[in-house]
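*Asks:* I'd like to go over a predicted model; first the sequence, then the structure.
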Amino acid sequence: MGLGDALSIAMAGLRANQAAMSLVSSNVANAETPGYVRKTVDQITTGSGASGSGVSIIGVNRELDAYLQSQLRTETSGASYASLRADFLKQLQGLFGDPNSTGTLESSFNSLTAAVRALSTSPDSTSARIGLLNAAQVMSGSLNSMSNGIQALRTGAETGLSDSVTTANNLLQQIASINNNIRTNPAGGTSTDAATASLLDQRDQAISQLSQLMDIRVVTDGSNQVTIFTGSGMQLAGMQAAKLSFDAQGTVTPGTTWSSNPASSQLGSVKVTYPDGSTMDLTSSLKSGKMAAYIELRDKTLVQAQTQLDQFAASMASALSDKTTAGTAVTSGTQAGFALDLSNMKSGNTVNISYTDTTTGAQRTVTVMRVDDPAVLPLPQTATLDSKDYVVGIDFSGASGSITAQLNAALNSQNLQFTGTAPNITVLNNAGFSTVTSASVTTTETSLAGGSAALPLFTDGTSVYTGALSSTGAQMTGLAQRIAVNPALVNDPSKLVSYSAATTAGDTTRPDFILKQLTTSKYLYSPSTGVGSSTAPYNGTLENYLQQFVSQQGSNAQAASQLADGQNVVLNTLQQKYATNSGVNMDEEMAHLLSLQNAYSANARVMSTVNQMYQALMQAM
C-alpha cells in the first residue's frame with residue numbers, strides 16, 4: 001500500500017467520522033423531540049489502490065421498525081377511541097348518579113313516593129298536598145336537568161367532530177406536502193440525507209396524530225411515498241390530499257338524529273371530497289379513533305340514555321293519567337262481542353281486544369291505536385311495547401274513511417268484525433273462527449275532577465301526554481326534557497284528593513291510586529332503552545326500571561374505563577418498545593460518540609504519520 005492510498009483511506013475515515021458524529025449530535029439534541037427517530041450513517045466500503053479499501057457515506061438510516069410502527073398506529077386509534085368514550089360515559093354517569101346516593105333521579109323518585117304516602121295517610125292535610133307537589137316538581141326538574149345534560153354532551157360530540165375534521169384536514173395537507181417534497185430524492189427504502197430523514201420524521205408524526213382521530217391504513221412504496229386510506233379503504237392522501245368536511249349543527253335536541261339519507265339527517269356528516277369533485281360519506285364507516293367515538297356517542301350511546309329518561313317520564317305520566325274502560329258485552333244474532341265508546345280517545349290512545357282463535361285454540365291480542373296523522377300509517381308492529389300483540393293504526397282524522405270501515409279492512413283477516421258508527425262501535429267474533437274474550441278502551445284522563453282517580457299529574461309542557469305518533473316523531477321523544485307538573489294542580493292542590501264534586505276531604509281514593517301506580521304496578525318498557533329485548537320487553541315497576549337503567553349506566557361507565565385502561569397499557573407498552581428500538585438512548589449515543597472520537601483520532605494519527613513520512617522522503621531527496 002502506497003502513502004497516497006493510506007492518506008486517501010484516512011481522509012475517507014475522517015469524513016465518515018465527521019458525518020457520524022454530526023448525526024450523534026443531532027440524535028442527542030432531539031432526544032426529547034416527539035416523533036424523532038434515531039439516525040445512523042449508511043456507509044459502504046470503497047476501493048483505494050491495489051490493496052487498500054476506504055469508506056463512503058451514501059445516506060442516512062432511520063432506525064425504524066415498520067411493523068412495530070404500524071401496530072402502534074392501530075393501538076393509538078383504539079386508545080383514543082376508548083379514552084374519549086370512557087370520559088363521556090363518566091360524565092354521563094355523573095348525570096345519572098350512583099344508586100342510593102342523594103341528589104339523584106332515584107332519590108327524587110323516592111322523595112316523590114314518600115310524599116304520596118304522606119298524603120295517603122293525611123289526605124286532608126294542606127302541607128301534605130303541597131309537599132307532594134314540591135316533590136313532583138323536583139322529580140320533573142331532575143328529568144329536565146338530566147336531559148339537558150345529555151343533549152349538552154351530544155352537542156359536545158358534534159363540536160368535537162367539527163374540530164377533529166379541521167385537524168385531520170391540516171394533517172392530510174401536511175402529509176401530501178411532505179410526499180411532494182421527498183419525491184425529488186427517492187432512494188428505495190433509504191433517505192439520502194439528514195434533511196430528507198427529518199421530513200420523514202415529520203410525516204410519521206403527522207400520520208400518528210391522524211391515527212388518533214380515525215382508523216387508517218398506511219401503504220409505503222419503494223420511493224418513500226405513502227398513501228393514506230381509511231380503515232374501510234377510502235383514500236385520504238397521497239401526492240394530493242382529499243378534503244374532509246363536516247356540516248355541524250348548532251343546536252342538538254332529543255329529536256335531532258343522524259341519517260345516512262341527507263334529506264332526513266338532522267346532524268352533521270363526515271364527508272370526503274376528492275380533487276375530481278366526487279364525495280363519499282365516512283360517518284358510518286369510521287370504526288376507531290376520536291371521530292368514531294364522537295359519532296357513536298352522539299348517535300347511539302347518548303341517544304339511548306335519553307330514551308331511558310324519556311321512557312321513564314312517559315311511563316310515570318301515563319301510569320297516573322291512563323284510564324281503561326271495559327267494553328259492554330253484547331250479542332248480535334249468533335255473534336257475540338263488546339260495545340265500545342271511543343269518544344274520549346286521543347291520539348296515541350288504544351283499543352285493546354283479546355280473542356281466541358277457535359281453529360287453533362291460540363289466545364291472541366290486538367291493539368288498535370288512534371292516529372291523527374295518516375302519514376305514519378301503517379304502524380309498525382313495534383308501535384306498542386307488547387311483542388305479542390297485533391298492532392293496527394286507525395286514522396281518526398277521517399282522511400282514510402270511516403273508523404269502522406278501516407277497522408274491518410285491517411282486522412277481518414284476524415277474524416274480527418266491527419259494526420256501528422264511531423264513537424260507538426261494536427267488536428264481534430267471526431262465528432266458528434274466533435271468540436272475543438275481552439275488549440276495552442284506554443284513554444288519557446285530562447280532567448282533574450271528572451270522577452276518576454286517574455289524573456294528569458305530569459304533563460308534556462302544558463299539554464297532556466298521550467303517547468301520540470306523528471310524522472315529526474313520537475311524543476315520547478324528548479319528554480324528559482319537557483315534562484312538568486300540571487299547572488292546574490299547582491293552582492289548586494286540593495285536586496290531588498278531590499276527583500269529583502262529591503269527594504270528601506279525607507277521601508284516600510286518589511292518593512292510594514297514585515301510590516299504587518308509582519310503587520307496585522308493573523309496566524312494559526321499550527327495548528330501545530337497552531333494558532329488555534324486542535321479544536321479551538322488560539316488565540317491572542317504575543322503581544325497578546329506574547334502578548335497572550341507572551345501574552346499567554354505572555356498569556357501562558366502569559366497563560369503558562377498564563377498556564380504556566387496558567388500551568392505554570397496550571399503547572404504553574408499544575410506545576416503550578418503539579422508543580427502545582427507534583428512540584434515542586443517551587448512554588448508547590455517548591458510547592458511540594467515544595468510539596467515533598477514537599476512530600477520528602486514529603485516522604488523524606495515520607494522516608500525521610503519512611505527513612511525517614512524506615517529509616522524511618523529501619529530506620532524503
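*Replies:* All right, it came through fine.
*Asks:* Distance check, residue 555 against residue 89.
*Replies:* Separation of residue 555 from residue 89 (CB to CB, to the nearest Å): 10 Å. In this view, the C-beta of every residue, glycine as well, is placed from N, C-alpha and C.
*Asks:* Pick out whichever of the two has more residues nearby.
*Replies:* Between residue 555 and residue 89, counting by other CB atoms under 10 Å, residue 89 is the more crowded of the two (24 against 11).
*Asks:* Tell me which residues touch the more buried one, please.
*Replies:* 301, 553, 556, 557, 560, 561 (CB atoms under 8 Å, 6 or more residues apart in numbering).
*Asks:* do residue 546 as well
*Replies:* Going by CB under 8 Å, 6+ apart, residue 546 touches 105, 106, 109, 312.
*Asks:* rerun that using 10 Å as the cut-off
*Replies:* The neighbourhood of residue 546, defined by CB atoms under 10 Å, 6 or more residues apart in numbering, consists of 96, 99, 104-106, 108-110, 308-309, 312, 315-316, 540.
*Asks:* Next, the contact list for residue 466, please.
*Replies:* Contact analysis of residue 466 by CB under 10 Å, 6+ apart lists 317-318, 321-322, 345-349, 370, 443-444, 446, 456, 460, 475.
*Asks:* what does residue 165 give?
*Replies:* The contact partners of residue 165, taken as CB under 10 Å, 6+ apart, are 213-214, 243-246, 248, 268, 270-272, 282, 291.
*Asks:* how near is it to residue 222?
*Replies:* Distance from residue 165 to residue 222, by CB to CB: 32 Å.
*Asks:* and what of residue 590?
*Replies:* 35 Å.
*Asks:* Tell me the helices and strands packed up against whichever strand or helix holds residue 364.
*Replies:* Secondary structure from DSSP states H and E places residue 364 in strand 362-371. Contact here means 3 or more CB pairs under 10 Å, 6 or more residues apart in numbering; DSSP states H and E; on that basis strand 362-371 packs against strand 350-357, strand 390-395, helix 403-411, strand 416-421, strand 434-444, strand 469-470.
*Asks:* Switch the ones you listed over to a markdown table; also include mean pLDDT.
*Replies:* What follows is those, written out as a markdown table (pLDDT from 0 to 100):
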| stretch | mean pLDDT |
| --- | --- |
| strand 350-357 | 95 |
| strand 390-395 | 95 |
| helix 403-411 | 94 |
| strand 416-421 | 93 |
| strand 434-444 | 95 |
| strand 469-470 | 94 |
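*Asks:* out of these, which comes closest to residue 129?
*Replies:* Nearest to residue 129, of all those, is strand 434-444, at 22.9 Å by CB to CB.
*Asks:* For the strand holding residue 364, what does the pLDDT average out to?
*Replies:* Per-residue pLDDT over strand 362-371 has a mean of 95.
*Asks:* relative to strand 390-395, how tilted is that strand?
*Replies:* Counting by axes from the mean of the first three to the mean of the last three CA atoms, to 10 degrees, strand 362-371 lies at 20 degrees to strand 390-395.
*Asks:* In its sheet, which strands sit next to strand 362-371, and in what direction?
*Replies:* The strands that strand 362-371 pairs with in its sheet are strand 350-357 (antiparallel), strand 390-395 (parallel) (by DSSP bridges).
*Asks:* Grab the nearest non-local neighbour of residue 121.
*Replies:* Closest residue to residue 121 apart from its sequence neighbours, by CB to CB, 6 or more residues apart in numbering: residue 128 at 7.7 Å.
*Asks:* In what element of secondary structure is the one you found found?
*Replies:* Here residue 128, judged by DSSP H and E, is contained in helix 126-182.
*Asks:* any idea of the mean pLDDT for the following helix or strand past that helix?
*Replies:* Beyond helix 126-182 in the direction of the C-terminus, DSSP H and E gives the next helix or strand as helix 194-213. Here helix 194-213 scores 89 as its mean pLDDT.
*Asks:* Over to stretch 290-297?
*Replies:* For stretch 290-297, mean pLDDT is 97.
*Asks:* now stretch 115-122
*Replies:* Rounded mean pLDDT across stretch 115-122 is 96.
*Asks:* in it, what's buried?
*Replies:* Using 16 or more other CB atoms under 10 Å as the test for burial, stretch 115-122 gives 115, 116, 117, 118, 119, 120, 122.
*Asks:* Of the residues you listed, just say which sits nearest to residue 159.
*Replies:* Closest approach between the buried residues of stretch 115-122 and residue 159, by CB to CB: residue 115, at 39.9 Å.
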